[in-house]
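J.: Please find the sequence and the predicted model below.
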Amino acid sequence: MDPLPDKSPDRLMYEQETEGVKVRVELEAADQLAVLLKRLEVEAPSRKRPVDAILRGQAAAIVSKVTYAGELKVIEVDGISDAVQIRSAKPEADGYIEVILRNGNFVSLERKPAPLHITRKDFERLVDDLRGIL
């Protein structure tokens, strides 16, 4: 992924596609060391149905791998709509992380209501991890 902008307000939302995988990012702020991440979406090419087992594996991978963003747990697996909801295991006073998986080819991560303060290094790792899980 290309480097993030340094304090560039006109680029706090951007999208990039590489090898058929789209990454969309919405930041509240960014500097040389960290970002305030509002939302991150990663979308890969469509998968063949059924995706229930794929979604369960992806959910388990996110919970076990994305520990640097806080402890996460699976809240719901919906086989009808092919979606999984994951949230912070222990929400903080200023908010919680919510991850939504859909159809085995889409994941979004959002911190509500306040953005996630994350180092640039961990942000890049997060993008790479979510791309790899899809």
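T.: Thanks, I have the structure now.

J.: State the distance from residue 24 to residue 78.
T.: Applying C-beta to C-beta, to the nearest Å, the value for residue 24 to residue 78 is 23 Å. For the C-beta atoms, the positions are set from N, CA and C on the backbone; glycine is no exception.

J.: Which residue of these two possesses the greater neighbour count?
T.: Shown here are residue 24 and residue 78; by other C-beta atoms under 10 Å, residue 24 has more neighbours (15 against 12).

J.: Tell me what that one is bridged to.
T.: residue 15, residue 41 (DSSP bridges).

J.: Can you tell me how far it is from residue 12?
T.: Separation of residue 24 from residue 12 (C-beta to C-beta): 12 Å.

J.: Can you point out the buried residues in stretch 37-49?
T.: By neighbour count with 16 or more other C-beta atoms under 10 Å, stretch 37-49 contains the buried residues 37-44.

J.: That stretch - what's its average pLDDT?
T.: What stretch 37-49 shows for mean pLDDT is 94.

J.: Then stretch 100-119?
T.: 97.

J.: gap between that stretch and the chain center?
T.: Relative to the centre of its chain, stretch 100-119 is centred 4 Å away, using C-alpha atoms, centre = their mean, to the nearest Å.
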